[in-house]
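Visitor: Give me a model of this one.
(chains A and B)
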There are 2 protein chains.
Amino acid sequence: MMTTSLDHLIYVLGKLPGLGPRSARRVALTLLQKKHQVMEPLMSALQDVHRDVKSCSLCGNWDVCDPCAICESPLRDSSVLCVVEDVADLWALERSRAFKGLYHVLGGTLSALDGVRPSDLRLDSLIKRVETQQVAEVILALGATVEGQTTAHYVIEKLENLPLKLTRLAHGLPVGGELDYLDDGTLTAALLARRAAC
Amino acid sequence: MMTTSLDHLIYVLGKLPGLGPRSARRVALTLLQKKHQVMEPLMSALQDVHRDVKSCSLCGNWDVCDPCAICESPLRDSSVLCVVEDVADLWALERSRAFKGLYHVLGGTLSALDGVRPSDLRLDSLIKRVETQQVAEVILALGATVEGQTTAHYVIEKLENLPLKLTRLAHGLPVGGELDYLDDGTLTAALLARRAAC
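Guide: Numbering: from 1, shown residues only, chains lettered A, B, ... in the order given. You can find the predicted model right below:
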C-alpha cells in the first residue's frame, strides 16, 4: 500500500513531461531501490541546479553565470543573432555545431489558442538588443508550424525597418530523408527552393 | 550551451527507467522553467521519501513505518500470504482490492541469465514467516514468464512439506505478461480462480 509521502512523490513525478502515473510509480520504485546510486545523486544534482542555474539576462539561455557562456564567449560572432522558440531549440542548434553567432530565446510562440500574446515573449529585449548592439543579421530559427510562422511574421514586422538582414531557416528535405515519406508541403517547399546542382 | 551542473542533472535523469537523453533534457528544462510549481515540490518530496520511507522487515513493502501498514493492519487476514516478485506487483494487487491477506515480496525472480540465485531473493524470511506464523495458505502471485514460473516451482519445492495450502494465480494471465501491466479485472479474476499448486 502506498504511503502519503511516497504517494506525493509519485504524484509530483507524474507531472513531469513524458511521465504518466505508471511510469511515475516505476521511477519512484527505482529511486527507492537504488537510493545510493540514483536517488541521492538526483537529489544533489537538483540542489546544485536549483542553486546555481539561472536564466541569462541577455539571451534567455540557462547557465551558471549571467551573461551565459555563449553570450560571454569571445569566439562567437556577436553580429549574428539566432532567434529560437525555447532553450531546447538552442541546445539542438548547439549540438549541430553549425552556428557560431549568439542566440535570443523568445520563450514560446504566439498562440491565440493558448493565450500567448507578444507581451508574454522576450520581444522587447530582442528589439533592444538589435538596436543597441552591432547586429548585422537576425536568423529566425522558428518551427515550421502555424504558431512558429505567425511568430516569425510578427518578429519580421517589428524588425524590418532596421538596417539588418532578416533570414529564416531553409525548408526542404531532411538529410537522410526519403522523398516517398515526405509530406506534400515539404516537398513543394523543397521544389520551389531548388538550387543549381553544380 | 549546457553547463556542468545542468549536464549532470540531465545525465542522472537519463538513468531513470523510461527516460532517455532527449526526454531527460525535456524534464530538466521543465524543472528550470517551473521552479516553484515542479522543481521545489519534487525536491521536497524526494527529501521526505528519502528520510521516511523504508523497507518493511516482514514483507518487503515500502512504507514510512516498519512493519508496514499492511502487516500491522488488524483488518488483514494474516493466515494468507501472497508471494510477489516486487513492490510494483504488490501495488498492482492492492489497486485491484481483491486481496485482504498479507504479502511477501521476493525482490526478483530466479534467473540464470541475470545471475539471480535463491540467496539473492527474500526466500529464507518467507520460509521463516511460514514456519513461525500461523499461515494456512501461500498464494504464488508470480508472473507467467519463464523466470516467474521457475521461481514458483522453487518456492513450491521449499514449502510443499509444510502443513499449508499452496496456490497460484489462475491462468487468465496472458502468457509472457507481467503482473504490473494487467488490468484490475483480469487480476481480480485470476486471484479468485486460484488453484492448488501441487
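
Visitor: Only C-alpha atoms from now on, for both contacts and neighbour counts.
Guide: Will do.

Visitor: dump the residue contacts of the residue most central in space within chain A.
Guide: Central residue of chain A (CA atoms, centre = their mean): A:D86, 2.6 Å from the mean position. Residues near A:D86 by CA atoms under 8 Å, 6 or more residues apart in numbering or on different chains: A:V105, A:L106, A:G107, A:G108.

Visitor: and the first one, what are its bridge partners?
Guide: Here A:V105 shows beta-bridge partners A:V84, assigned using DSSP bridges.

Visitor: Distance-wise, check it relative to B:A136.
Guide: Distance of A:V105 to B:A136, given as CA to CA, to the nearest Å: 66 Å.

Visitor: and what of the third one?
Guide: Computed as CA to CA, the A:G107 to B:A136 distance reads 63 Å.

Visitor: What of A:V38?
Guide: For A:V38 relative to B:A136 (CA to CA), the value is 39 Å.

Visitor: from memory A:C82 sits against A:H104, does it?
Guide: Yes - applying CA atoms under 8 Å, one finds A:C82 in contact with A:H104, separated by 6.0 Å.

Visitor: More neighbours: those two, which one.
Guide: A:H104 (27 against 22; other CA atoms under 10 Å in any protein chain shown).

Visitor: Contacts only, for the more buried one.
Guide: A:H104 neighbours (CA under 8 Å, 6+ apart): A:L58, A:C59, A:G60, A:N61, A:L81, A:C82, A:V83, A:V84, A:L126.

Visitor: Show the contacting residues for the fourth one.
Guide: Contacts here follow CA under 8 Å, 6+ apart; on that basis A:N61 touches A:S55, A:C68, A:V87, A:L90, A:H104, A:V105, B:M1.

Visitor: pLDDT-wise, which helix or strand of chain A ranks last?
Guide: Least confident helix or strand of chain A, by mean pLDDT, DSSP states H and E, is helix A:184-192 with a mean of 82.

Visitor: Identify the bridge partners of A:V116.
Guide: A:S111.

Visitor: Give me the distance between it and chain B.
Guide: According to CA to the nearest CA, to the nearest Å, A:V116 stands 16 Å off from chain B.

Visitor: ok, how many other residues are close to that residue?
Guide: Neighbours of A:V116 using other CA under 10 Å come to 14.

Visitor: Which pLDDT value belongs to A:I156?
Guide: Listed pLDDT for A:I156 reads 93.

Visitor: what about it, helix or strand, and which?
Guide: helix A:146-159 (DSSP states H and E).
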